[in-house]
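> just the structure for this:
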Amino acid sequence: MAQTCFSAQLASENNSSEIARAVEPAAVAPYKNPGAPAPTNSASLQIAMYSCEVIHTWPHDRKAFTQGLVFHQGALLESTGLNGHSTLRRVELLTGRVLHQIQLPSQYFAEGLALVGSNLFQLTWQNEKCFVYDLESFRQEKEFVYSGEGWGLTTDSQSLIMSNGTDQLRFLDPKTFTVTRTVKVGAAGRPLHRLNELEYVKGEIFANIWQTDVIARIDPGTGNVLGLIDCSGLLLPGDYAPGIDVLNGIAYDSADDRLFITGKHWPKLFEIKLRPKRRS
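Model prediction:
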């Protein structure tokens with residue numbers, strides 16, 4: 001989403017307050033069955049809390065204002081934002097080297113990215129356009145228009161799933177970009193706003209909560225938040241430099257069950273495992 005820089009201290013404060021708002025007054029309990037339907041009674045909703053264990057660390061381009069991230073056939077597909085700096089790129093995982101890239105015209109601020117079949121779909125923030133590219137050549141094949149802002153984008157293989165910075169997720173037909181349904185996202189009976197970068201993982205939607213180090217695990221059928229992932233503390237003090245911004249960028253490798261995250265202008269990309277937190 002929009003460009004905003006935060007200190008590590010402020011990000012930590014936002015992270016803590018966001019977790020508190022999201023889970024209160026729900027009970028915190030281990031999330032044992034990701035495939036099970038979420039409870040319909042918000043008072044009984046159990047929200048699991050997770051921390052991140054870093055499995056591997058790879059270089060990431062500090063110039064990349066990461067807005068969308070997709071893993072495909074051993075490489076990363078990345079959408080980067082900011083007017084005059086927005087790109088679509090294919091990135092080598094091991095080195096962070098850009099293998100192929102196109103630049104968007106300066107009037108466009110690129111946002112979320114999703115892959116459906118042989119096409120990449122790239123949102124724009126306030127231009128109300130989604131560009132559709134050929135996966136291999138990055139040749140633009142068409143564009144769609146939509147109303148409002150575009151933030152995050154993912155797919156469940158049938159529909160595109162789009163966020164706009166509110167608590168709402170829109171499901172769209174990838175052939176026509178028409179909205180087929182909408183879901184309101186909530187935790188413990190309260191709406192969860194600022195949903196940003198999205199990734200579909202094992203039947204759930206993972207959503208970065210903008211301006212925090214928190215990723216929400218969302219039931220796509222009900223919009224209920226099933227878990228919250230605390231991703232704070234990934235960057236070391238020596239990693240920080242002017243321009244480093246918030247966590248943003250989630251990609252999943254379904255073949256090898258690997259989860260990747262990074263951030264805007266971050267120098268590193270992380271493979272992480274989720275570890276349940278015990279209630280204090």
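> tell me how far the residue nearest to the spatial centre of the chain lies from Phe206.
Nearest residue to the geometric centre of the chain (CA atoms, centre = their mean): Glu197, 2.5 Å. Shown here: Glu197 relative to Phe206, a distance of 9 Å by CB to CB, to the nearest Å. All C-beta spots, glycine's among them, are computed from the backbone N, C-alpha and C.
> and for the two, which residues touch both?
Ile250 (CB atoms under 8 Å, 6 or more residues apart in numbering).
> and stretch 57-67, what's its mean pLDDT?
Averaged across stretch 57-67, the pLDDT comes to 97.
> what about Arg170, how many residues nearby?
Here the count is done by other CB atoms under 10 Å, and Arg170 has 20 residues near it.
> show me the contacts for it.
161-164, 179, 181-182.
> tell me which helix or strand it sits in.
strand 168-172 (DSSP states H and E).
> helix/strand/coil for the residue nearest to the centre of the chain?
Recorded secondary structure, Glu197: strand (DSSP: H, G, I helix; E, B strand; the rest coil).
> show me the contacts for it.
By CB under 8 Å, 6+ apart, the neighbours of Glu197 are 67-69, 112, 151-152, 163, 207-208, 248-250.
> looking at the chain, which helix or strand is least sure?
In the chain, no helix or strand scores lower on mean pLDDT, DSSP states H and E than helix 8-23, which sits at a mean of 42.
> so what strands line up beside the helix or strand following that one?
Going down the chain from helix 8-23, the next helix or strand is strand 48-59, by DSSP H and E. In the sheet, strand 48-59 lines up against strand 225-230 (parallel), strand 268-276 (antiparallel) (DSSP bridges).
> out of the ones you listed, the one nearest Trp125 is which?
Comparing the strands paired with strand 48-59 against Trp125 with CB to CB, the closest turns out to be strand 268-276 (22.5 Å).
> check which residues of the closest one are buried.
Within strand 268-276, the residues that count as buried by 16 or more other CB atoms under 10 Å are 268-272, 274.
> for stretch 175-187, same thing?
The neighbour-count check on stretch 175-187 (16+ other CB under 10 Å) flags 177, 183, 185-187 as buried.
> got those residues as JSON lines, with pLDDT and secondary structure columns?
Output for the buried residues of stretch 175-187, formatted as JSON lines (pLDDT from 0 to 100; DSSP: H, G, I helix; E, B strand; the rest coil):
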{"residue": "Phe177", "pLDDT": "97", "secondary structure": "coil"}
{"residue": "Val183", "pLDDT": "97", "secondary structure": "strand"}
{"residue": "Val185", "pLDDT": "97", "secondary structure": "coil"}
{"residue": "Gly186", "pLDDT": "96", "secondary structure": "strand"}
{"residue": "Ala187", "pLDDT": "91", "secondary structure": "strand"}
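> which one of those residues is nearest to Gly74?
Checking the buried residues of stretch 175-187 one by one against Gly74 (CB to CB), the nearest turns out to be Phe177, at 29.1 Å.
> how about the closest one, nearest residue that isn't a chain neighbour?
Spatial nearest neighbour of Phe177, excluding adjacent residues (CB to CB, 6 or more residues apart in numbering): Phe144 at 3.6 Å.
> just the element for that neighbour, please.
Under the criterion of DSSP H and E, Phe144 resides in strand 140-145.
> could you give the angle of that strand to strand 168-172?
Calculated by axes from the mean of the first three to the mean of the last three CA atoms, to 10 degrees, strand 140-145 forms an angle of 130 degrees with strand 168-172.
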